[in-house]
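**Student:** Just to be clear, the model below is a prediction. Sequence and coordinates:
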Amino acid sequence: MLQPLIFEDHYKKLGLELFSEENLEKINGNQFSPDIKIFFIPAGYELTVDFHHYQTKKPSLFFLTNQHLKIEKGKKEAMLLYYNRDFYCIQIHDKEVACDGLLFHNIFEIPFVELNDTEADLMSNLFQNIKNELEWKDSSAEEMIRTYVKQIIIHATRKWKKQNLESTSIKIPGSELDIFRDFSRYLEIHFRKKHHVADYAALLHMAPKTLTHKFKALQLDSPNQFIINRILLEAKRLLFYTDKPVKEIAYDLGYEDPAYFNRLFTQKTGSTPINFKKNYSSGKKYNI
């Protein structure tokens, strides 16, 4: 039996899993839900992240934290790198890699990058280097692995910017990028309690109108719409993946009046929370 590819030292943990269509049960479950996850997936895979379906046409990297993932099919070997915040915290090391709000927790809900052949070879080598370190178990393995993880994140962040910020749909100049990254990060932290644009404008040290204007000038949805989208995403997760009643979900998301939450959900999705849970469970798919 193969030894697990894992590093553990006190509270720090990092592991690598290799998988394909033959053993998807290793990946499709909740065992990695607390971890930060980087998937290196070849072309030809089908997977669902939360309520979005993807088919990989090129080798791709997916960056997930608390999203729900289901890999449906794919033949070639893929890899999952997972680690906890004690091993490498993207918030603490943000000045080094500048990925939080882009690769992770971005308001556009784009959790992946597609790779060309050269980039795929580079990533394959970095993942292989991590695998080698986990197999060798040398005393310096921890720092070597952390160096490789950092390289994966830095290369992928550059690629994410090129893939998305230079596209026709999202054009954010470099001078404005930190504002959108910070908005994304604050939204991920506070969406359960802070529901108004003014809350996030205050955190960003600007007027609500200024924040709204910045989004409008770049032809993006309003900050208010992004706030609502994040709340609805969490509501859908709780409806579909837990047995919590609607009233408790409303309270969890900061709504003291469950009836108001019910109306908001129905207005924005076209379905009541109860019907969403029932229809999605029976196979009807929704997009956020």
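**Tutor:** Sure thing, it's come through.
**Student:** model confidence over stretch 136-147, on average?
**Tutor:** The predicted model assigns stretch 136-147 a mean pLDDT of 91.
**Student:** That stretch: which residues count as buried?
**Tutor:** Under the neighbour-count criterion of 16 or more other Cβ atoms under 10 Å, stretch 136-147 has A141, I145, R146 buried. Glycine gets a C-beta too; all of them are placed from N, C-alpha and C.
**Student:** from memory H190 sits against D199, does it?
**Tutor:** Yes - at 6.9 Å, H190 counts as touching D199 under the criterion of Cβ atoms under 8 Å.
**Student:** before we move on, back to that, can the buried residues of stretch 136-147 go into a markdown table with extra columns for distance to L177 and secondary structure?
**Tutor:** Output for the buried residues of stretch 136-147, formatted as a markdown table (distance: Cβ to Cβ, whole Å; DSSP: H, G, I helix; E, B strand; the rest coil):
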| residue | distance to L177 | secondary structure |
| --- | --- | --- |
| A141 | 34 | helix |
| I145 | 29 | helix |
| R146 | 25 | helix |
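**Student:** which one of those sits closest to G74?
**Tutor:** For the buried residues of stretch 136-147, the residue nearest G74 by Cβ to Cβ is I145; the value is 25.5 Å.
**Student:** A78 bridge partners, please.
**Tutor:** F19 (DSSP bridges).
**Student:** Burial check on it, number of neighbours?
**Tutor:** 24 (other Cβ atoms under 10 Å).
**Student:** Relative to I152, how far out is it?
**Tutor:** 15 Å (Cβ to Cβ, to the nearest Å).
**Student:** name the element Y280 belongs to?
**Tutor:** Y280 is part of helix 273-281 when elements are defined by DSSP states H and E.
**Student:** Now tell me what touches that helix from outside.
**Tutor:** Residues outside helix 273-281 that contact it (Cβ atoms under 8 Å, 6 or more residues apart in numbering): 51, 235-236, 239-240, 246, 249, 261-262, 265-266, 269, 271, 286.
**Student:** Going by neighbour count, list what's buried in it.
**Tutor:** Buried-residue list, helix 273-281, by 16+ other Cβ under 10 Å: P273, F276, K277, Y280.
**Student:** Can you convert the residues you listed into TSV and add a column each for pLDDT and distance to H93?
**Tutor:** Shown next, in TSV, are these (pLDDT from 0 to 100; distance: Cβ to Cβ, whole Å):
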residue	pLDDT	distance to H93
P273	95	38
F276	92	37
K277	88	38
Y280	74	36
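**Student:** Out of the residues you listed, which comes closest to D221?
**Tutor:** Looking across these and measuring by Cβ to Cβ, the closest to D221 is F276, at 21.2 Å.
**Student:** And stretch 77-86, end to end?
**Tutor:** Start-to-end span of stretch 77-86 (Cα to Cα, to the nearest Å) is 28 Å.
**Student:** Likewise for stretch 29-38?
**Tutor:** 16 Å.
**Student:** what comes up buried for that stretch?
**Tutor:** So for stretch 29-38, counting by 16+ other Cβ under 10 Å, buried means F32, D35, I36, K37, I38.
**Student:** so the last one sits in a strand?
**Tutor:** Read that as I38. Yes - note on I38: a strand contains this position according to DSSP: H, G, I helix; E, B strand; the rest coil.
**Student:** secondary structure element for the closest residue to it other than its chain neighbours?
**Tutor:** In this structure, I38 finds its nearest non-sequential neighbour in L81, 4.5 Å apart by Cβ to Cβ, 6 or more residues apart in numbering. Counting by DSSP H and E, the element that carries L81 is strand 78-83.
**Student:** Brilliant, that's me finished.
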